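Q: using only what follows, build the 3D model:
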Amino acid sequence: MAVGQEQARWDTNYEWKIVLLLGIGFGLVGLDRWIIAYLWDTGIAPDLGLNASHLGNLIGALGLLWGFFAIFSGRLSDGIGHRKILIPAIFIFSLMSGLSGMVAGFTGLILIRALMGVSEGSYTATMIPSTGYASKPSRRGFNQGLQQCGFPLFGLALAPIIATQLLQVTTWRTIFWIVAIPGFIIGLLLYFVLREPADTQGAKLLGATEEAGSWLEVFKSKNVVLGMMLLAFMMACVFPLSAFVPGYLLNYLELTPVQMGFVMSGIGFGGFVGQFGIPGLSDLFGRKPVAVVAFIGATISCFGFFQVGLNLPLLFTMLFFTSFFTLGTIALVTGPICTESAPPGLVASSIGLVVGWGEIFGGGIAPVITGYVAQNFGIQNIVWVAGLGVGAGIIVSLFLDETSPKKLAEKAS
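A: Down below sits the predicted model:
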């Protein structure tokens, strides 16, 4: 069957079902991962006798395990299939979220959050290529971004609102179980809907029917190697900000918890729009130019946020645009750029490697560094960890190769 005929008869029913379910699942990943930051200063830290360095270590431990298992599980899912990774992973991280509310101290909490990182990293590395295989090429970027936008919507926009409102009626321990329950429902629905890559329409287009080469083949792709660097830069900005800006707003600017929740929702709403907006724009204008502009925008917005002072609308706006550019570019790099640059049969392996390295550095090491800076030099100085990362990304993004199907077709014609 010709590619044009195949696209004309695309199974949009399965395409949108899988985008919806995996997107909600990734939203719950974000909610389970980040709600701890919004419960920290007003519940967990005073109850358990913990401080900002403990929070940095918790975020870092989850990120490191997320990263290592994203690399491992991406390669494994190319071999054994996506269902055996995705479905157990969503049940495990939901359970770990609930158990986070039952700990008695820091040791138990860091062990549970580390196990959450194992399962969430496995879910992420497999979920993104699953969407790629289900998506029609002309909307691959938009779909992979749309599927990832649940993370900032649930984890960074709604989590501060959910946390601050539920704390009015219950304890932080109960809240962890409340946010865990939807994951079990989505896991059950995925059991009945999710297909293996070879059973999708995108199988031939993305090489799922070809024999995969060595895992080391992914390092021969220039974009995959650059993607590792770019994702680390972006995550070194958005994840430390997500973890420590609540403390900056509460303790440095002296906002109330409700005001903090309003400002912090900007990082979620901005990321929500950016994660389908940036990849969607790249479908039209190309992957490379959109990535370069996004890194410039992220750098300006990040430094601007820490200059506006006690102005709630401006704080919200600058955080909105910081997240729009950073999380939008994360979706662009891990989604269409890696999917289109991967060697045949190694799409999940390539995405897992990029996600894994980005998490190890940006989600694991950077929060620990940021926690040290906050504890020893003042929380207002965390801008230097976040801002320098995205600034470096401007230069690296200039070396990307264009992979957009539309731009490649225009060039060929």
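Q: please, where are all the helices along the stretch 1-150 of the chain?
A: With helices called from DSSP state H, counting those that start in this stretch, the stretch 1-150 of the chain shows them at 3-8, 12-39, 45-48, 52-80, 83-99, 106-134, 140-148, 150-152.
Q: these: which one's closest to Ile337?
A: Closest to Ile337 of these, according to C-beta to C-beta: helix 140-148, at 8.7 Å. Just so you know, the C-beta spots here come from the backbone N, C-alpha and C atoms, and that holds for glycine as well.
Q: still on that earlier bit, mind putting the helices of the stretch 1-150 of the chain in TSV, distance to Phe192 and mean pLDDT included?
A: Below are these laid out as TSV (distance: least, C-beta to C-beta, whole Å; pLDDT from 0 to 100):
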stretch	distance to Phe192	mean pLDDT
helix 3-8	25	46
helix 12-39	10	90
helix 45-48	40	90
helix 52-80	19	83
helix 83-99	10	94
helix 106-134	15	90
helix 140-148	18	86
helix 150-152	20	84
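Q: with mean neighbour count and distance to Leu398 added, can I get those helices in TSV?
A: TSV is the format used below for those (neighbours: other C-beta atoms under 10 Å; distance: least, C-beta to C-beta, whole Å):
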stretch	mean neighbour count	distance to Leu398
helix 3-8	11	31
helix 12-39	23	29
helix 45-48	14	42
helix 52-80	23	25
helix 83-99	22	35
helix 106-134	24	24
helix 140-148	29	20
helix 150-152	28	26
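Q: which one of these lies nearest to Val258?
A: helix 12-39 (11.6 Å).
Q: check the offset of the closest one from the chain's centre.
A: Chain-centre distance of helix 12-39: 10 Å, with C-alpha atoms, centre = their mean, to the nearest Å.
Q: tell me the angle it makes with helix 52-80.
A: If you take axes from the mean of the first three to the mean of the last three C-alpha atoms, to 10 degrees, helix 12-39 sits at 160 degrees to helix 52-80.
Q: let's have the helices of the stretch 1-150 of the chain in JSON lines, adding distance to Val193.
A: Below are these laid out as JSON lines (distance: least, C-beta to C-beta, whole Å):
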{"stretch": "helix 3-8", "distance to Val193": "21"}
{"stretch": "helix 12-39", "distance to Val193": "5"}
{"stretch": "helix 45-48", "distance to Val193": "40"}
{"stretch": "helix 52-80", "distance to Val193": "17"}
{"stretch": "helix 83-99", "distance to Val193": "10"}
{"stretch": "helix 106-134", "distance to Val193": "10"}
{"stretch": "helix 140-148", "distance to Val193": "14"}
{"stretch": "helix 150-152", "distance to Val193": "16"}
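Q: could you pull up the residues touching Leu65?
A: Each residue near Leu65 by C-beta atoms under 8 Å, 6 or more residues apart in numbering is listed here: Ala114, Leu115, Gly117, Val118, Gly121.
Q: tell me the one among those nearest to Ala348.
A: Nearest to Ala348 among those, with distances taken as C-beta to C-beta, is Gly121, at 12.4 Å.
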